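Colleague: I need the structure of the sequence given here:
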Amino acid sequence: MSDDLDPLRRARPDRLQPDDPIDPAVLSDERERFMSTIDQTGTAPGTDRRTPSIYPRLAYRDEAAALEYLTRVFGFREWRESRMEMPTGMLAWLEVGDGVVMIGRAGAEHHDLSSPADAGATTCMVNVYVDDVDAHYARAAAEGARIVMPLEDMFWGDRRYEALDLEGHRWHFGERLSHVRERLDES
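Modeller: This is a model prediction of the structure:
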């Protein structure tokens, strides 16, 4: 049985997917607004998190494994309320400090982005400043990260190391030497 509303019924909102992901801060703000309504705390949306002006999107063959790896090995925190799971893959936003990286599925149907595992070469290097690069290095090494440049002090004023993730994206983790000295003086 068909009627004039049939096209509208087939285009239900729960069956539509956006071409591009929505801003994760919007989802976070709406969640905060919703939760503050429930618990009547009156928390203003957007006060705990803001979307940076620029953030990379990295492609993975297995974005679920990448999400687990990046949180376990490098200590990233997922914006759980912003995760988008679709039949063709998942998008997730991860934060470290005030930075954000989006991860998603590689492939032609996903903005034609490639994983280094598919490209056969590193496709990018992401530079990340952390609060304690020594502890970060120790955690990454203990979790089995592929360290490709050891922890060292650089003439330009950083202490840093580099590691590859499970599909070959290169991560450069660093801390300003002045911050390292302050941290060591306090302990």
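
Colleague: How far does stretch 100-118 stretch from one end to the other?
Modeller: 24 Å (Cα to Cα, to the nearest Å).

Colleague: now it: how far from the chain's centre is it?
Modeller: Here stretch 100-118 shows a centroid-to-chain-centroid distance of 13 Å under the convention Cα atoms, centre = their mean, to the nearest Å.

Colleague: got a list of contacts for that stretch?
Modeller: Applying Cβ atoms under 8 Å, 6 or more residues apart in numbering, the contact partners of stretch 100-118 are 21, 24, 51-52, 55-61, 63, 66-67, 70, 76, 79, 88-94, 122-123, 126, 167-169. The way it works is simple: take the backbone N, C-alpha and C, and place the C-beta from them, glycine included.

Colleague: ok, which stretches of the protein are strands?
Modeller: Remark: strands assigned in the chain by DSSP state E are 57-60, 77-78, 84-86, 89-96, 99-105, 125-129, 146-153, 158-164, 170-176.

Colleague: Check these for me: which has the lowest mean pLDDT.
Modeller: Within the strands of the chain, confidence is poorest for strand 84-86, with a mean of 86 (mean pLDDT).

Colleague: what's that one packed up against?
Modeller: strand 89-96 (3 or more Cβ pairs under 8 Å, 6 or more residues apart in numbering; DSSP states H and E).

Colleague: where does this structure have low pLDDT?
Modeller: Within the chain, the stretches with pLDDT under 70 are 1-30, 33-50.

Colleague: which residue is nearest the middle of it?
Modeller: The centroid of the chain falls nearest to Leu94 when counting by Cα atoms, centre = their mean (2.6 Å).

Colleague: quick one on the thing from earlier: deepest in the core, which of the strands of the chain is it.
Modeller: Highest mean neighbour count among the strands of the chain (mean count of other Cβ atoms under 10 Å): strand 57-60, with a mean of 23.

Colleague: That one: partners in the sheet, and parallel or antiparallel?
Modeller: In the sheet, strand 57-60 lines up against strand 99-105 (parallel) (DSSP bridges).

Colleague: and the angle from the strand it pairs with to strand 89-96?
Modeller: 160 degrees (axes from the mean of the first three to the mean of the last three Cα atoms, to 10 degrees).

Colleague: hang on, isn't Gly174 packed against Asp131?
Modeller: No - contact criterion Cβ atoms under 8 Å: Gly174 and Asp131 do not qualify, at 11.1 Å.

Colleague: can you redo the strands of the chain as JSON lines with distance to His136?
Modeller: Shown next, in JSON lines, are the strands of the chain (distance: least, Cβ to Cβ, whole Å):
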{"stretch": "strand 57-60", "distance to His136": "19"}
{"stretch": "strand 77-78", "distance to His136": "14"}
{"stretch": "strand 84-86", "distance to His136": "28"}
{"stretch": "strand 89-96", "distance to His136": "9"}
{"stretch": "strand 99-105", "distance to His136": "14"}
{"stretch": "strand 125-129", "distance to His136": "9"}
{"stretch": "strand 146-153", "distance to His136": "9"}
{"stretch": "strand 158-164", "distance to His136": "8"}
{"stretch": "strand 170-176", "distance to His136": "6"}
